[in-house]
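Chemist: structure here, sequence nowhere to be found:
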């Protein structure tokens, strides 16, 4: 049994690595020293802002919703590509990779309704709550 990645999967890994190289500062090591701030409150603000900038770029690339089906605005990537993506993001300590939940309110109401049909009750409540906040303009 050959457990190697396919050429397409390796190409995706190289694409992710290239994106990281092009979008993170060369001196980025994934820790607070990059920001040069000692005050924890100020540091938290800088880290959050930087994470939002990176998340926006990831969103533009479509990677924050990579596993979502194409009909719902995602890329329809399979589990191996998701693993490759997460592995590279974690290894390079890329911030903002888990901010994809914000993409939810960009879907149409009909698409969200279709997604919710198969969710258990608790999850439906969470999605409904986020939808209400998004329509209010408070969820951002």
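Modeler: Yes, it's here. Keep in mind that this is a model prediction, so the values were computed, not measured.
Chemist: pull the longest helix from the chain.
Modeler: Counting by DSSP state H, the longest helix found in the chain is helix 40-61.
Chemist: next SSE downstream of that helix?
Modeler: Along the chain past helix 40-61, the next helix or strand (assigned with DSSP states H and E) turns out to be helix 79-91.
Chemist: what packs against that next one?
Modeler: Contacts defined by 3 or more Cβ pairs under 8 Å, 6 or more residues apart in numbering; DSSP states H and E place helix 79-91 against helix 7-23. The way it works is simple: take the backbone N, C-alpha and C, and place the C-beta from them, glycine included.
Chemist: quick one, what contacts residue 47?
Modeler: 32, 35, 95 (Cβ atoms under 8 Å, 6 or more residues apart in numbering).
Chemist: follow-up on the earlier one: what about the longest helix of the chain, average pLDDT?
Modeler: Mean pLDDT, computed over helix 40-61, is 87.
Chemist: in that helix, what's buried?
Modeler: For helix 40-61, burial by neighbour count (16 or more other Cβ atoms under 10 Å) applies to 46, 47, 50, 51, 54, 55, 57, 58, 59.
Chemist: ditto for stretch 16-23
Modeler: Across stretch 16-23, burial judged by 16+ other Cβ under 10 Å covers 16, 19, 20.
Chemist: for the first one, which non-adjacent residue is spatially closest?
Modeler: Meaning residue 16. Using Cβ to Cβ, 6 or more residues apart in numbering and skipping the chain neighbours, the partner closest in space to residue 16 is residue 88 (4.5 Å).
Chemist: dump the residue contacts of the one you found.
Modeler: Residues near residue 88 by Cβ under 8 Å, 6+ apart: 13, 16, 17, 20, 94.
Chemist: at 7 Å what do you get?
Modeler: Shown in contact with residue 88 (Cβ atoms under 7 Å, 6 or more residues apart in numbering): 13, 16, 17, 20.
Chemist: again, but for residue 76
Modeler: The contact partners of residue 76, by Cβ under 7 Å, 6+ apart, come to 69, 70.
Chemist: would you list the phi and psi of it?
Modeler: With angles defined as degrees, to the nearest 10, residue 76 sits at phi 70, psi 30.
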